[in-house]
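In: Coordinates for the following, if possible.
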Amino acid sequence: MSVSESTATNALEELAEEIVVSADSHIMEPTDLWVNNLPPSFKGKYPEFPPRNAIGEKPGGYDPKARIEEMAVDGVSAEVLYPTLGLRLFALEDAELQEACFELANDWLIDYCNVHPDKLVGVPSVSLYNIDNAIKEMERCKKAGLVGVLIWQVPPDHLPFTSDHYNPFWEAAQDLQMPVNLHILTGFNYSRYERHGLDIYRMTVNQKLADAANTLFDLVFGGPMSNYPDLKFVYVENEISWVPFYLHEWDKYFKRHATRAPLPHMKKLPSEYCNEQFYATFFSDPTGGRLLDWWGSDTCMWSNDYPHAASTWPHSRQVIADELGHLPRDIFRKVVRENVLRLYDLKLGGVNA
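Out: Numbers count the residues shown, from 1 in each chain. As a prediction, this is how the structure comes out:
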């Protein structure tokens, strides 16, 4: 056994008793959920989407009882759940159709989580074309036991996050203590289209990062964070190692340009807003893992992306040991469970934030 293999084995053994919570996992909605259940007036409007590559995905995505068994295999005690097929619905341009689709998806998610509510924690999807309706759906889902709210990560051009359109929604989410979650592949970006050749790589790496950075820029510099200081924003599946670089650069140029391009609403540095209000999940980011004892220990959250083919299941604990086992134990515990428990105010078998 090599030195590196021995170190990884020791880390795995040392961490065996630690409780682990995934901050980003997924359900797999039935492919006919919307076609079968939409009112007749919408059925002809529901678009055809490119098929998903479902090779390697697990039955627990649609069967919550099977999921609990598969979580035990992976050594994970609870999971925060996001859509799979529903992610692409954020690109719908028909507001009423999108609202109807999300209501059906949220009802299915509520039923799924109710099978084991202390282990399965759902995040509802909300349409932001009509803000009054968005707030009503957020309130309904909170009463049903769901946490946070999922919105598009890339909004349509006519509704940028820098506009006042969202202000009542930000305020309501802040008052309800519902963190606002933004997941990759949602909204008006490359995810709407089939990708071929070089674009498969360019879009899923370069463009994905550009989308994430640009949206975070708007949330910080455009006012949502400074105007709603108790509101938490969560980046989901964008990984983390890029974030401290951008924060450093934003701070540097904010200081440099503040006199000629003043932003009166910003009373603190960009990094200070993010350190207080911005959370991020990751599931395999070795570079990010090496940064966590310097940056992000209070706001970054490990995840397994189960049941997708790219998931760390069933080797999540080995991945954690390899990529996070070097961390001081107090930071390790924050990243693999305490931050997510605190963010969503979750209770887990006597362990909480």
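In: what are the ranges of the strands in the stretch 201-350 of the chain?
Out: 233-236, 278-282, 300-302, 347-348 (DSSP state E, counting those that start in this stretch).
In: Of all those strands, which one comes closest to Ser125?
Out: Of all the strands of the stretch 201-350 of the chain, strand 233-236 sits nearest to Ser125, with 12.1 Å by C-beta to C-beta. Backbone N, C-alpha and C define where each C-beta goes, glycine included.
In: helices and strands around the closest one, which ones?
Out: Packing contacts for strand 233-236, counted by 3 or more C-beta pairs under 8 Å, 6 or more residues apart in numbering; DSSP states H and E, involve strand 180-183, helix 208-221, strand 278-282.
In: mind exporting the shortest one as CSV, just the C-alpha atoms?
Out: So that's strand 180-183. C-alpha atoms of strand 180-183 as CSV (Å, rounded to 0.1, in the frame of the first residue of the first chain):
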residue,chain,number,x,y,z
VAL,A,180,-33.1,31.3,-2.1
ASN,A,181,-31.5,28.5,-4.0
LEU,A,182,-30.0,28.7,-7.5
HIS,A,183,-29.1,25.5,-9.3
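In: Strand partners (parallel or antiparallel) of it?
Out: strand 149-151 (parallel), strand 233-236 (parallel) (DSSP bridges).
In: Between those, which one is closest to Ala212.
Out: strand 233-236 (6.5 Å).
In: what's the spacing between the closest one and its chain's center?
Out: Mean-position distance between strand 233-236 and its chain equals 5 Å (C-alpha atoms, centre = their mean, to the nearest Å).
In: Next: stretch 160-171.
Out: On C-alpha atoms, centre = their mean, the centre of stretch 160-171 falls 20 Å from the chain's centre.
In: first vs last residue of it, how far apart are they?
Out: 17 Å (C-alpha to C-alpha, to the nearest Å).
In: repeat for stretch 230-245
Out: 24 Å.
In: So for it, mean pLDDT?
Out: The average pLDDT for stretch 230-245 rounds to 98.
In: Tell me what Val234 is bridged to.
Out: Beta-bridge partners, per DSSP bridges, of Val234: Asn181, Tyr279.
In: That one: what's it in contact with?
Out: Gly148, Pro179, Val180, Asn181, Leu182, Phe278, Tyr279, Ala280, Thr281, Leu343 (C-beta atoms under 8 Å, 6 or more residues apart in numbering).
In: For stretch 209-229, give me every contacting residue.
Out: 153-154, 160-162, 166-167, 170-171, 173-174, 182, 184, 189, 231, 233, 235, 238, 242-243, 246, 250, 263, 265-268, 270, 273-274, 276-278.
In: and if you look at stretch 310-319?
Out: 8, 12, 15-16, 20, 22, 58, 70, 73-76, 283-284, 304-307.
In: same thing but 10 Å
Out: For stretch 310-319, the external contacting residues (C-beta atoms under 10 Å, 6 or more residues apart in numbering) are 8-9, 11-12, 15-16, 18, 20, 22, 25-26, 56-58, 60, 70-76, 237, 283-284, 286, 289, 302-307, 320-323, 325, 336.
In: Can you flag the buried ones in the contacts of stretch 209-229?
Out: By neighbour count, with 16 or more other C-beta atoms under 10 Å, the contacts of stretch 209-229 hold 153-154, 161, 166, 170, 173-174, 182, 184, 189, 231, 233, 235, 238, 242-243, 246, 250, 266, 270, 273-274, 277-278 as buried.
In: give me the low-pLDDT residue ranges for the stretch 1-150 of the chain?
Out: Residue ranges of the stretch 1-150 of the chain with pLDDT under 70: 1-9, 50-55.
In: so which of the strands of the stretch 201-350 of the chain is the most packed in?
Out: Compared across the strands of the stretch 201-350 of the chain, strand 300-302 shows the largest average neighbour count, a mean of 29 (mean count of other C-beta atoms under 10 Å).
In: chain center to that strand: distance?
Out: That offset, for strand 300-302, works out to 10 Å (C-alpha atoms, centre = their mean).
In: Given it, what are its sheet partners and their directions?
Out: Here, using DSSP bridges, strand 300-302 pairs with strand 278-282 (parallel).
In: any idea of the mean pLDDT for the partner strand?
Out: On average, the pLDDT along strand 278-282 is 98.
In: tell me the angle of that strand relative to helix 208-221?
Out: 160 degrees (axes from the mean of the first three to the mean of the last three C-alpha atoms, to 10 degrees).
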